[in-house]
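>>> need a structure here:
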Amino acid sequence: MTSSAELPNKMKATAGFREWLHALGVSLGTALLVIAPFFWLGNASGHDFGFHAASWLDAAGQWREGIFFPRWTEWANHGFGEPRFIFYPPLSWMLGAALTFVVPWNAVPGLFIVIVQTLAGLCSFALARRFLPKNAALFGAACYAANPYALLIVYMRSDFAELLACALMPFVVLTALQLCGLAENRQGSLSRAIAMFAMAFAAVWLSNAPAAVLASNSVAFIFAWAAVVEKSMQPLWRGAGGLALGFALASFYLLPAAYEQRWVNISQALSLGLQPADNFLYTMGNDPEHNAFNWIASSVAVLLVVMTGIAGTAATPGTTQERESIARKKLWRVLLLLSAVAAILMIRPSSFFWAHLPKLRFVQFPWRWMAIVAVPYAYFSAAAMMRRRMRWIWCVVVLAAVCGTATLLVKKAWWDSDDIPSLQEAVANDEGFEGTDEYDPVGDDRTNLLEKSARVQVLPADGSGGSAPNAEIRIERWTTEERVVRVISDEPLRVGLRLLDYPAWRVEVNRRAVTPEHAENNGEVIVALTPGTQRITAKFVRTPDRTLGSAISLLGVLTLLALLNAGGVRLLSASP
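The predicted structure is shown next:
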C-alpha cells in the first residue's frame, strides 16, 4: 500500500516526468522544423561539411577494423593520413560515425541535427524551468532549438561539433549557477553540484574546442560575478574545483591535443582570413566570399543581440521580495551582463582581450560569441512570455525573426547531397580526401602530396633521381594503425610508404627501430634498405602524453563517482 506521505511525492514525480515528455516533444518538433528544407533540397553543404563527413566516414571505417577510439585519420591527405582525431574533440565525430550504422549515409547529417537540437531544447528547458512556469520554459526550449545562430550553423557552416557544444551550453550555465550559489542547489550537496558541473563542462570540451574556450571564459565570469555579489571567495573556490574536475575528465583528449601541437603546423589555424581581426562584425577584406559570409554572420549576430536586449527588457523581474523573484533577479542580472560582454567581444574595440585572454584567439571568429548570447536569448524569451501584454506580441516577433532568418539562410546556403557519396567513392578507390592545414605534421607541405599515389614506391638508393632498382614488394598488412611490407631486392634501395612521418609512428626494419627519411618537399616516410629480404613495419603506438592523459581522466572518473556517491543522485528537477 502507498502511504499518504508517499502519494504527493509520487504525484509530483509523475507531473515532472510529463513535463519532460512535453519538453521532448516541443524540442523534437522544433528540430524537425529546422531540417525541413533538407527533405526537398538535400543536405546543406556548409563550409565545414566535408571535414565532418570525412571524419565520420574515417572513424566508422576504423570501428569496422576494431579500433574503438581512432587517433590517426587514415584517408586524410589522400591516404597519407594525419593526426586529426588527436586534436579534434571526439564526441561529434563519434556520434556521426555511430549514426552511419543506423541510417543511410545521406541521412546522417539531418539525423545528427535533429538529435543535437532536441538535446539543445531539453537543456534550455532545464535552465528555464528552474525559474519559470512550464509553458514559458517550453517556449524557451523552442526558441533555443531554433535560435538564429543554430540556423546559421545548420544551413551555412555545417559545423556539427560546434552545434553539439552549443546544445549543452544552457546546462553548463545552469550547473555553474548552482555551483556558485546564484541558483538553488537542487543536487542536495556541494559535492554533487561540482560533479554535475564538471560533467557538463567536460562534455563541451569533448565536443568543440572553440566553443569550450567560450564556455570556459563565460563560467569564469559567472564565478567571478557571484563572488562579487555574495561578497565571498567561496564561489571562486567552488568554481575552481568544478573546472579542475572537468578538465581532468577530458584530459584523455586535452593533454595529447595540447602536448602534440608541437608536432603539427597548428599555427595554420590562424592563417590569413581565420584570425579574429579578420572576422569582427562587418569587417571587410580582399576576399569577396569571405566578406559576403561575414556580412551574413554579422547581421545574424546583431539580430540575436537586439532580440536578447528586447527580451531581457521585457523580462525584467518585478520588485517583490519572494524567494523565487530574488532568484530570477540574480539570474537576470548575470545573463544580461554575460550577453553584454559577449556582444562587446564581437566588435573590433575588444581586440585587446582577443590578444591577451588565454587561447581566445583560437576561437578565430568573434561572432562565435553568439553561442553564449543564445542562452540568455532563450531564457529571456521564455520569461517574456510571463507578461500577459507581451506574450502574443513577443511570440509573433520571435516567429518572424526566426522564419525570416531561416528563409535568408536557406536561400544563401549551398545544397548538395553528392558530397558524402563522393567521399565514399574516393575511399573505395583508395584515393582518400583532403587533409587539414593545422593538423599537417611538421616538415610536411600537404599541397605537395600526390592525390593518387601507390601505397608503396620503390626509389633509387642515393636519391639522385636515377632509375629505381628492381624489387619485389609484398604488402602483408595495411590497416589504419599498422603497415607491414616485405621487400626483396638484389640492390640497395629506398622505399616510400604512403604515410606521413609523425612521432607516434614507430618504423622498424626486421624488428629494429629506424629513423625514416623524408621526401624533399613533403613528409612522406622513406626507408633506406640494404640488398636482400627486408620486412618494414610501421605501427602507430601510444605516446607517453596519451598514457598520462588517460590516467588523469581515470582519476577524474573515480573522483566523480566518489562525489556522486555522497548521497542519492538527482540529475534534474523540473519544478521551479
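>>> Show me the helices in the stretch 151-300 of the chain, by range?
Under the criterion DSSP state H, counting those that start in this stretch, the stretch 151-300 of the chain contains helices at 160-180, 190-205, 209-230, 234-249, 251-259, 288-314.
>>> Any buried residues in the fifth one, and which?
Within helix 251-259, the residues that qualify as buried by neighbour count (16 or more other Cβ atoms under 10 Å) are 251-257, 259. C-beta: built from backbone N, CA, C; applies to glycine.
>>> now the last one
Of the residues in helix 288-314, those scored as buried under the neighbour-count criterion (16+ other Cβ under 10 Å) are 290, 293-294, 296-305, 307-312, 314.
>>> of all the helices of the stretch 151-300 of the chain, which lies closest to residue 405?
Closest to residue 405 of those, according to Cβ to Cβ: helix 288-314, at 6.4 Å.
>>> how far out from the middle of the chain is that closest one?
Distance of helix 288-314 from the chain centroid (Cα atoms, centre = their mean, to the nearest Å) equals 22 Å.
>>> tell me the angle the helix or strand following it makes with helix 209-230.
Using DSSP states H and E, the helix or strand that follows helix 288-314 in sequence is helix 323-344. Put simply, helix 323-344 runs at 130 degrees to helix 209-230, going by axes from the mean of the first three to the mean of the last three Cα atoms, to 10 degrees.
>>> Alpha carbons of helix 323-344, as PDB, please.
What follows is helix 323-344, C-alpha atoms only, in PDB (Å, rounded to 0.1, in the frame of the first residue of the first chain):
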ATOM      1  CA  ARG A 323      12.400  33.900  -2.900                       C
ATOM      2  CA  GLU A 324      11.600  32.900  -6.500                       C
ATOM      3  CA  SER A 325      11.600  36.600  -7.600                       C
ATOM      4  CA  ILE A 326      15.000  37.200  -5.900                       C
ATOM      5  CA  ALA A 327      16.500  34.100  -7.700                       C
ATOM      6  CA  ARG A 328      15.100  35.400 -11.000                       C
ATOM      7  CA  LYS A 329      16.700  38.800 -10.400                       C
ATOM      8  CA  LYS A 330      20.100  37.200  -9.800                       C
ATOM      9  CA  LEU A 331      19.800  35.200 -13.000                       C
ATOM     10  CA  TRP A 332      18.500  38.100 -15.000                       C
ATOM     11  CA  ARG A 333      21.500  40.300 -14.000                       C
ATOM     12  CA  VAL A 334      24.200  37.700 -14.700                       C
ATOM     13  CA  LEU A 335      22.700  36.700 -18.000                       C
ATOM     14  CA  LEU A 336      22.300  40.300 -19.100                       C
ATOM     15  CA  LEU A 337      25.900  41.100 -18.200                       C
ATOM     16  CA  LEU A 338      27.100  37.900 -19.900                       C
ATOM     17  CA  SER A 339      25.200  39.000 -23.000                       C
ATOM     18  CA  ALA A 340      26.700  42.400 -22.900                       C
ATOM     19  CA  VAL A 341      30.200  41.000 -22.500                       C
ATOM     20  CA  ALA A 342      29.700  38.600 -25.400                       C
ATOM     21  CA  ALA A 343      28.300  41.400 -27.600                       C
ATOM     22  CA  ILE A 344      31.300  43.600 -26.900                       C
END
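>>> Determine the set of other helices and strands touching that helix.
When contacts are defined as 3 or more Cβ pairs under 8 Å, 6 or more residues apart in numbering; DSSP states H and E, helix 323-344 packs onto helix 160-180, helix 209-230, helix 288-314, helix 370-384.
>>> Going by neighbour count, list what's buried in the very next helix or strand once past that helix.
Under the assignment DSSP H and E, the closest C-terminal helix or strand after helix 323-344 is helix 351-356. Buried residues in helix 351-356, counted by 16+ other Cβ under 10 Å: residue 354.
>>> As PDB, could you dump the C-alpha coordinates of helix 351-356?
Extracted in PDB, the C-alpha atoms of helix 351-356 (Å, rounded to 0.1, in the frame of the first residue of the first chain):
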ATOM      1  CA  SER A 351      41.000  43.400 -29.800                       C
ATOM      2  CA  PHE A 352      43.000  43.800 -26.600                       C
ATOM      3  CA  PHE A 353      41.100  40.900 -24.900                       C
ATOM      4  CA  TRP A 354      41.400  38.700 -28.000                       C
ATOM      5  CA  ALA A 355      45.200  39.200 -27.900                       C
ATOM      6  CA  HIS A 356      45.600  38.500 -24.100                       C
END
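>>> Please convert the helices and strands packed on helix 323-344 to TSV, extending it with mean pLDDT.
Formatted as TSV, the helices and strands packed on helix 323-344 follow (pLDDT from 0 to 100):
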stretch	mean pLDDT
helix 160-180	97
helix 209-230	95
helix 288-314	96
helix 370-384	97
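>>> Residue 128: which of the ones you listed is closest?
Nearest to residue 128 among these is helix 370-384; the distance by Cβ to Cβ comes to 4.4 Å.
>>> got the angle between that closest one and helix 160-180?
Using the same axes, to 10 degrees, the inter-axis angle of helix 370-384 relative to helix 160-180 is 60 degrees.
>>> Can you give the distance of the next helix-or-strand element following helix 370-384 from its chain's centre?
Per DSSP H and E, the first helix or strand lying C-terminal to helix 370-384 is helix 388-412. Counting by Cα atoms, centre = their mean, helix 388-412 is centred 27 Å from the centre of its parent chain.
>>> name the helices or strands packed onto helix 388-412?
On a contact count with 3+ Cβ pairs under 8 Å, 6+ apart, helix 388-412 meets helix 134-145, helix 148-152, helix 288-314, helix 370-384.
>>> now that helix against helix 288-314, angle please.
170 degrees.
>>> pLDDT below threshold where in the protein?
1-13, 186-188, 318-324, 463-465, 567-576 (pLDDT under 70).
>>> Residue 19 is nearest to which of the helices of the stretch 151-300 of the chain?
Of all the helices of the stretch 151-300 of the chain, helix 160-180 comes closest under Cβ to Cβ, at 15.7 Å.
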